[in-house]
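Student: Let me see the structure of the following:
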Amino acid sequence: MLASIFVGLTVTAAAGLLVFGAFNLISVAFAILFVGLGVDFGIQFCVSYRGRRHLNDDLQAALRDAAADVGAPLALAALSIAAGFYAFLPTDYRGVSELGVIAGTGMIVAFIATVTLLPALLALLRPRGERHAVGYPALAGVNRMLLQHRRRVVIAAIAVAAVGGALLPRLRFDFNPLQLRSPDAESVATLLDLMKDTATAPDTIDVLVPSVLAGTALAHRLEQLPEVDHVLAITAFIPDDQDAKLATIEDAALLLGPTLEPAATRPPPSDAELARAMARTSLSLDEASRAHAAGPLATSAGRLGRALRALAEGTPQMRERLKQALVPALVMTLATLRQALQATPVTLASLPAEIVGDWVTPDGRARIEVYPKGSVADDASLRRFVVAVQAEAPDATGAPVAIEASSRTILGAFTQAGLLALSSITLLLGAALRSTADVARALLPLLLALLCTLGTCAMIGLPLNFENIIALPLMIGIGVAFDIYFVMAWRAGRTQLLQSSLTRAIVMSALTTGTAFGSLWLSHHPGTSSMGKLLALSLVWTLASVLLFLPALLGAPPKPAGQRELHHE
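Tutor: Numbers count the residues shown, from 1 in each chain. This next block holds a predicted model:
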């Protein structure tokens, strides 16, 4: 079975590369979907084969009987799941659209591998016969109870579905990709710290306006919004009230100029002169310390005096190290002060070209940068910020705008694909089953599982996000497949479904998928962990709806056509 899945996965990957040339961050998830559903197809065939082999210890006959037993249900399940995936093709979300094509094709490949390569490998390996029956005989009592209390079970399922549906308005979609990153990572922790200060927050919105003058007017309007902290534009680099400020600087230059730029300077002192100066200063500090016998000033003066005395009595190398540690910073500070005292009027034309190039295009258009008031780490704050700014500047762009717009695109894509998938699966089941009632029997457990899963997410506060939403197609595919297996076995007249090999195959398939992907729940990565949680919840509700609700919904299997006619006569 593993070899069959590997071959099918390789063929599907090759087909995806042939069509699209490369995988994107979303379409690469086809591997997860293929393995999860491909395992189910293989388990269904192998468990059916083992059940037939127990009845007839003939390898070839068991393989033929297994193919006749599960061939039609597997084909219908594969086509239904493929139709559901292909429903993503017309959506605007490119990543999911490509994922739908690749995963849908993968379901056809998985079915072909299951009914061709898998039996061939079994025939070559020639496994030994089966000593024990394949199934769950202990579930016979549960099967009888569900049939005896059909009405109560169905009513309870409707009540549970109603509760799940009532909780759906509380389900939210977390469209902030930062929430998918671990806050313990140093880069994420640093970013979160930066976001606490509006001056360094990265969630800014950019607006391109026709001119600098238009940018000034728009910035003034945006700064009046309660969601906006401040707005930056090229004019922010031009100081206000320059005449008064320049006059103050000129006065300071007259006072400090002779000190900062003396007419003559003495040569640097020698090491011996430095040592004597330190010794004299040390004595002065000692006197000051004795004059103030108590208090922090005396303590500090005494400590500094002792340090200078040690340096004065030390080696020239010690004094040189001190000089290199203190003097360069002082020289740089004095040079900065001298430059500041030479300030001249600042205009747009006098700004450095590298600054102007960041804010004004060669043809005169200008960029303004809008900063939010407070943190926009939560979805509601980010959405309010984007909506408020776009009301004044519809062409605004930037990370917050892209995140909010992409969330609408993704939600719209999944809603559209969900409706198309449900419609296409319904039409396909109708063409294959030719019974509206049987189509309803196959789809109602799926709807129950979906409502319960999403309702549980709303109840426990697990939001949908960019990562775990990819689990929804897998959940729908597994749910449709399980329902189809049960309904077609029921239509074929099989009784005691819960203790049959079919239930064993469904349980093993769910446990395999749940173990493989539910283990993602333990991941330290928030996005990956949320996908594991959603998959685990969906599998629990899918098994509950298939094994508890569906048998009660189906009831006793229909009589074959010949028996119905004889009974009528």
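Student: isn't Ala301 right up against Ala291?
Tutor: No: if you go by Cβ atoms under 8 Å, Ala301 and Ala291 don't touch, sitting 9.0 Å apart. All C-beta spots, glycine's among them, are computed from the backbone N, C-alpha and C.
Student: What is the longest strand of this protein by residue count?
Tutor: The strand that spans the most residues within the chain, counting by DSSP state E, is strand 366-372.
Student: Just the C-alphas of the helix or strand just after that one, formatted as CSV.
Tutor: Downstream of strand 366-372, the next assigned helix or strand under DSSP states H and E is helix 379-392. Backbone C-alpha positions of helix 379-392 (Å, rounded to 0.1, in the frame of the first residue of the first chain) are rendered in CSV as follows:
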residue,chain,number,x,y,z
ASP,A,379,-8.1,41.5,13.1
ALA,A,380,-10.8,44.0,14.1
SER,A,381,-8.3,46.8,14.7
LEU,A,382,-6.5,46.2,11.4
ARG,A,383,-9.8,46.1,9.5
ARG,A,384,-11.0,49.3,11.0
PHE,A,385,-7.7,51.0,10.2
VAL,A,386,-7.8,49.8,6.6
VAL,A,387,-11.4,50.8,6.1
ALA,A,388,-10.9,54.2,7.6
VAL,A,389,-7.9,55.0,5.4
GLN,A,390,-9.4,53.6,2.2
ALA,A,391,-12.5,55.8,2.7
GLU,A,392,-10.3,58.8,2.1
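Student: Could I get the average pLDDT for helix 379-392?
Tutor: The pLDDT scores in helix 379-392 average 88.
Student: I would like the residues contacting it, please.
Tutor: Helix 379-392 is contacted from outside by 172-176, 203, 205, 207, 218, 221-222, 225-228, 370, 372, 374-376, 396, 400-401, 403-404, using Cβ atoms under 8 Å, 6 or more residues apart in numbering.
Student: re the thing from before, who has more neighbours, Ala301 and Ala291?
Tutor: Under the criterion of other Cβ atoms under 10 Å, the comparison of Ala301 against Ala291 puts Ala301 first, with 20 against 10.
Student: Would you mind measuring from the more buried one to Arg494?
Tutor: 99 Å (Cβ to Cβ, to the nearest Å).
Student: Measure how buried the closest residue to Val360 other than its chain neighbours is and give me the count.
Tutor: Counting by Cβ to Cβ, 6 or more residues apart in numbering, Val360 lies nearest to Ala366, which is 5.1 Å off, once chain neighbours are set aside. Ala366 has 23 neighbouring residues, counting by other Cβ under 10 Å.
Student: Can you tell me how far Ala366 is from Gly357?
Tutor: Per Cβ to Cβ, Ala366 is found 12 Å from Gly357.
Student: Kindly report the same for Gly514.
Tutor: 56 Å.
Student: okay, the two: which has more neighbours?
Tutor: Gly514 (21 against 11).
Student: Please name the residues that touch that one.
Tutor: Shown in contact with Gly514 (Cβ under 8 Å, 6+ apart): Leu535, Ala536, Leu539.
Student: Buried residues of the longest strand of the chain, list them for me.
Tutor: Neighbour counts over strand 366-372 (16 or more other Cβ atoms under 10 Å) mark Ala366, Arg367, Ile368, Glu369, Val370, Tyr371, Pro372 as buried.
Student: now do stretch 495-504
Tutor: Neighbour counts over stretch 495-504 (16+ other Cβ under 10 Å) mark Gln496, Leu497, Leu498, Gln499, Ser500, Ser501, Leu502, Thr503, Arg504 as buried.
Student: The first one touches Gly141, doesn't it?
Tutor: No: look at Gln496 against Gly141 with Cβ under 8 Å: they stay out of range, at 11.0 Å.
Student: And Arg152, which helix or strand is it part of?
Tutor: helix 150-167.
Student: right, and the helix or strand after that helix?
Tutor: Downstream of helix 150-167, the first helix or strand assigned by DSSP H and E is strand 173-174.
Student: I'd like to know which elements that following strand is packed against.
Tutor: helix 399-433, strand 464-465 (3 or more Cβ pairs under 8 Å, 6 or more residues apart in numbering; DSSP states H and E).
Student: Now mean pLDDT too, for those, in JSON lines please.
Tutor: Listed next are these as JSON lines, based on pLDDT from 0 to 100:
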{"stretch": "helix 399-433", "mean pLDDT": "85"}
{"stretch": "strand 464-465", "mean pLDDT": "84"}
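Student: For those, state which one has the densest average packing.
Tutor: A comparison of the helices and strands packed on strand 173-174 by mean neighbour count, using mean count of other Cβ atoms under 10 Å, puts strand 464-465 on top with a mean of 22.
Student: tell me which strands and helices that strand is in contact with?
Tutor: Strand 464-465 is packed against strand 173-174, helix 526-544, with contacts defined by 3+ Cβ pairs under 8 Å, 6+ apart.
Student: on that earlier part again, just the buried residues of strand 366-372 now: which is nearest Ala166?
Tutor: The shortest approach to Ala166 among those belongs to Pro372, at 34.4 Å (Cβ to Cβ).
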